[in-house]
Structure formats: C-alpha cells, structure tokens
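Trainee: could you work out the structure for the sequence below:
(one chain, ligands or ions: 1)
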Amino acid sequence: MSRTILHTITLKKDFMDLENLLVVSAISKNTSAANATALGHGRSRQIQKGQLNLLDIIDLDGKIQFLKINPKHIYETNLSSAINALGIKENLKFLCDSCDIRYRDIALKMSGMLALAAEKMCRAYLSGTPIIIRYHNDGDGMSCAIALYRAFMHINGLGMCDGRAVTWIMSKEISYSKDALELDLSIARSYLSIEKPMLIMADMGTNLDSNDSIKKLSGQFDILWLDHHSKPAGFDSASSIYINPLDFNGTSSMSAGLICSMLANAVGTDANDIAQASLISDFSMYADSSNKRAHMIATVVDYLSAKLDNPNARPMAADGIIRDENKLIMIYNEVSEMFEKAIEIGSKIARKYAGMNNCSIYVVDFGKIAPELYGYPLPGRFTSRLHNIREQKNNGSTITVVYYKSYISIRVSRDISKATDLLGIIDRIRDASDGRFSGGGHMEAASIKAGDSGMDEALSLLLGYLGAAKL
Ligand SMILES: [Mn+2]
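Mentor: Okay, the predicted model is just below:
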C-alpha cells in the first residue's frame, strides 16, 4: 500500500466551512492510495478511503464533497485572495522608500519584476507544487537561501498553509548543468500538482553552460532567477523570470542576497540582517563595514556553506544559528581563528609582481596552505580576505591571484578594475587556449578553470595579460 501525501489549501468561508479542504497537489502520482495523509489548515490527518484527485474537495474525514461551484474557480479565488492578503506591492513600495539611497533608483526599477517574482513564488508555495531552490555555496548564496526560507516561514506563520515541498540544493557548480536538470525533472516526476513545479536559482547560473539545460527545463517548470553576475554574450535565460541588477542599470554590488531579501520583504518578512551580511560577504561597495553583527553573520554563513554536506548549511539550521546570539558569537570566534592562520601562512608564501598602472600583484599557491587547514577557509574566500588586507595596505591598486587544483581565483581592486578588464582577459585566455580554459565572474572577482594539467600554462597566460613583472 503506497502512501500519498496530499497538499490542500484551507478554503475561505464564502464557499464552505473552513474545515473543508481542497486537494491541490500530491506526492507520487498514485493519488488513489487507500491510506493517504492530507495536509491542511496546520494539521495532518489520515484519510482512510477515497479515490482522490487534484481539485477534489474533501472534508476532514477525507470524504469528497460535491459542490455546484467549479473547483478551479474556488482554487483561483482562494489562491489569489491569499496572495493579495500578503500586500506584495505595498511592501515593495515601503521597501523602496526606505532602502539605501545609493541603490534606491535601481530597486524602484526592479520592483515590478520583484512583485511578479514574489507573486509567482507564493503561488507555487501555496499550491504545494515542488519548489527546488539551487543556491551557490558561498556566503551570498547561503544568504539567498535564508532570506527565501524566511519568506516561506512567514506564509506558514500566517496560517495560509503548512509544510510544503521545498528542496534546498546548495551548489558548487556555478552553471545549471545537465545533471542538475535530470535531478530536478526526477524530483518533479513524483508529484502531481495544479501549478508547474518551480526552480529558483540564486546567485548562480548566469553563464553559457546553463543555456541548454535551462531551455530544456523551461517548458516544464516555472523558473525564478535571482543573480547579479555579468551576462556573457549568448547567455539565454529562456522563459525565466530573470532578475539581475545589471539589467536595470545597477551593478553587481547589489548582491544576490540583497535581491532575495527584497523578495522576502515583498512577501512581508524582514531579512535585512541577511542582506547586510551578503553585501559584506560579496565585498559590495554598499557593504557597511561598521556593522559588526552583519560581519559576524557573513563570516558564519560563509563557513557553514563551505562544505556541501554540512547539515547546518540548510537554511533552517543556519537561520537558527543566526538568531541565537551565543551560538553566533561562538562559531564566529572559531572561524576567525581558522582564517587568521590561513592568512598568516598565505602572506608568508605570496609571490609579488608589479603590474600595469603601478599595481601590486600577489600570487599564492593554495596547495601549500591547504594541508595546514581543516578544510576551511576555501580558496575563494581566502583570496578575498587576503586581497582585502593587501589592498588596505596598498591603498587600492592590488590584484590577488590564488591557484589550487584546477582553479584560479582572482581579485582586482575597484580603482583599477576598469583598466584591468578582468573579464576581457578571461575571454582572451579562453581564445588563446582554444577554449581549454574558461571562467567568469565580476570585474573585481572572477575565477578560471584551468583543467587538470593546464595550471602552469593558464597562470602564465593570466600573468602575461596582467602585465606582471617579477620583483
Ligand atoms: Mn554573489
């Protein structure tokens, strides 16, 4: 006897007793299971009998109720009144009126798309259709997941529905790969629902390697995409709701965590602490370095997201840590110590070069540091921190290059990022290697994939284009 979980929504009194439930989605397509559990109005219950289908209206015993009103109409009316009650447009207006003046105009321009995204996301959530959230495994990506989690918990808290089918996937891959596509399709296959399943991509995926898989998925899923990475020519977000500040005359300094926190805000909950942490984590020009709590959160979420299988990298656990002052401080102190050790060794072994426009270039072989650490920090985060320290000493004009296994991470100070044209250099490296080396990122932070045996060649191409001269 297979077990089927039915998602229902609580119906408004206009139509019937509050205690009646509408079946809106089901796990496993076998909805005729004799022993099913209905979820609705905050309770789970066993249903002993019945051949249930989507849009069936059942009472608490699971008995089908027959009404004269079209169930699709009941569904639409109930769902849209629940979404209206969230006040998405008003919330966004308030947010735009009160947000940082430096990106207020961009937020205003984005607010139409944000409203649409919030509405779609809430519709998917209330309907119980599977939602898959893929987020990048760094501090910013993790911030996205926590902000979205808070949005869902807010909906639960309002009593509109209870547990829903959300799958959280932290991703090391920055593209939406064929494997990811296969997994998402297989997750969706075991559900039956009125709405299309939803994929939410946060802080990742904006690159050419995503094109094929996204195109294949787009007919079958609703896709919500929240990113701030620059779009290479030929990138195609297919039919996604794609929100990127770069499309609104903004910059990548508006982190993905900031955009997701705006979405959480649109739904009616507060995630500003997460937004501030993500700005610090992504070295945004909007980061408030005097915000000690945001700095602690940024450090801790970066640590939690460093290992893909860390159970505390799930947004529920991470948010629990952030909200527990003692735990937050304890983990922050531990992580800070680990970092200091890595930076100490890194500073000792850095090779120094002079670059164009009198800049300083530091090159570090992370392979010499890794054995001294306990799996943290990861090279990317280490690069940012070392760069930050060097840059402060040099008053800008600094480039930091860290290589490890098949990856090179690069950071460029903002004052020389235009002149350096890091993304242009990565294009030239790709062309010069006939596509063996590829990469992407922002003007100030990017990475290159050098393959298993190409590190020496990729490094010398990079240092060549940076005009590096050994000191
Ligand atoms: Mn980011």
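
Trainee: when you work out contacts or count neighbours from here on, use the C-alpha atoms and nothing else.
Mentor: OK.

Trainee: residue ranges with poor pLDDT in the chain?
Mentor: Residue ranges of the chain with pLDDT under 70: 1-22, 24-52, 60-62, 162-163.

Trainee: and it, what are its domains?
Mentor: 3-70, 87-323, 337-470 (automatic domain parsing).

Trainee: can I get those in TSV with distance to Glu76 and mean neighbour count?
Mentor: Formatted as TSV, the domains of the chain follow (distance: least, Cα to Cα, whole Å; neighbours: other Cα atoms under 10 Å):
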stretch	distance to Glu76	mean neighbour count
domain 3-70	10	18
domain 87-323	10	21
domain 337-470	41	18
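
Trainee: tell me which of these sits nearest to Asn78.
Mentor: domain 3-70 (6.4 Å; Cα to Cα).

Trainee: mind checking which helix or strand the closest residue to Ala271 other than its chain neighbours is in?
Mentor: Excluding its sequence neighbours, the residue lying closest to Ala271 (Cα to Cα, 6 or more residues apart in numbering) is Ser261, at 5.2 Å. Assigned by DSSP states H and E, Ser261 belongs to helix 256-267.

Trainee: on that earlier part again, contacting residues for the residue nearest to Ala271?
Mentor: Cys144, Ala147, Leu148, Asp270, Ala271, Asn272, Ile274, Ala275 (Cα atoms under 8 Å, 6 or more residues apart in numbering).

Trainee: nearest to His229 among the residues you listed?
Mentor: For the contacts of Ser261, the nearest to His229 is Cys144 (14.3 Å; Cα to Cα).

Trainee: which SSE is immediately downstream of the helix holding Ser261?
Mentor: Next along the chain after helix 256-267, taking DSSP H and E as the criterion, comes helix 272-281.

Trainee: any idea which element Leu108 lies in?
Mentor: Short version: Leu108 belongs to helix 104-127, going by DSSP H and E.

Trainee: ok, and the closest non-adjacent residue to Asp209?
Mentor: Asp209's closest residue in space is Ser175 (Cα to Cα, 6+ apart), at 5.8 Å.

Trainee: if we can go back for a sec, quick one, the helix holding Ser261 and helix 272-281 angle?
Mentor: Here the directions of helix 256-267 and helix 272-281 differ by 170 degrees (axes from the mean of the first three to the mean of the last three Cα atoms, to 10 degrees).

Trainee: now the domains of the chain in TSV, with distance to Ile331?
Mentor: Shown next, in TSV, are the domains of the chain (distance: least, Cα to Cα, whole Å):
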stretch	distance to Ile331
domain 3-70	34
domain 87-323	7
domain 337-470	10
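
Trainee: okay, which residue is most central for the chain?
Mentor: Nearest to the mean C-alpha position of the chain, by Cα atoms, centre = their mean, lies Ala202 at 2.7 Å.

Trainee: so that residue sits right up against Gly139, yeah?
Mentor: No - at 11.8 Å, Ala202 does not count as touching Gly139 under the criterion of Cα atoms under 8 Å.

Trainee: the stretch 51-200 of the chain: helices as residue ranges?
Mentor: 71-86, 88-98, 104-127, 139-157, 178-189 (DSSP state H, counting those that start in this stretch).

Trainee: mind putting the ones you listed in JSON lines, distance to Arg414 included?
Mentor: Output for those, formatted as JSON lines (distance: least, Cα to Cα, whole Å):
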{"stretch": "helix 71-86", "distance to Arg414": "40"}
{"stretch": "helix 88-98", "distance to Arg414": "27"}
{"stretch": "helix 104-127", "distance to Arg414": "20"}
{"stretch": "helix 139-157", "distance to Arg414": "19"}
{"stretch": "helix 178-189", "distance to Arg414": "34"}
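
Trainee: relative to Glu195, which of these is closest?
Mentor: helix 104-127 (6.4 Å).

Trainee: tell me how far that closest one lies from the chain's centre.
Mentor: 15 Å (Cα atoms, centre = their mean, to the nearest Å).

Trainee: thinking again about what came up before, Glu325: which of the contacts of Ser261 is nearest?
Mentor: Nearest to Glu325 among these, with distances taken as Cα to Cα, is Ile274, at 14.5 Å.

Trainee: what residues does stretch 377-384 touch?
Mentor: Outside stretch 377-384, the residues touching it (Cα under 8 Å, 6+ apart) are 303, 306, 338-339, 342-343, 366, 400-404, 409-411.

Trainee: whoops, I mixed them up, stretch 204-215
Mentor: 135-136, 141, 174-178, 181, 227, 229-232, 234-239, 440.

Trainee: just the CA coordinates of the strand or helix carrying Tyr362, formatted as CSV?
Mentor: In the assignment (DSSP H and E), Tyr362 maps to strand 360-365. In CSV, the C-alpha atoms belonging to strand 360-365 read as follows (Å, rounded to 0.1, in the frame of the first residue of the first chain):
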residue,chain,number,x,y,z
SER,A,360,50.8,45.1,-7.0
ILE,A,361,50.1,41.5,-7.9
TYR,A,362,50.2,38.7,-5.3
VAL,A,363,50.2,35.1,-6.4
VAL,A,364,49.6,32.3,-3.9
ASP,A,365,49.8,28.5,-4.3
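
Trainee: what angle do helix 272-281 and the following helix or strand past it make with each other?
Mentor: The C-terminal neighbour of strand 360-365 among helices and strands, as given by DSSP H and E, is helix 379-394. Counting by the same axes, to 10 degrees, helix 379-394 lies at 70 degrees to helix 272-281.

Trainee: hey, what's Leu192 bridged with?
Mentor: Ala26 (DSSP bridges).

Trainee: how far away is it from Leu224?
Mentor: 20 Å (Cα to Cα, to the nearest Å).

Trainee: now Asp452
Mentor: In terms of Cα to Cα, Asp452 sits 34 Å off from Leu224.
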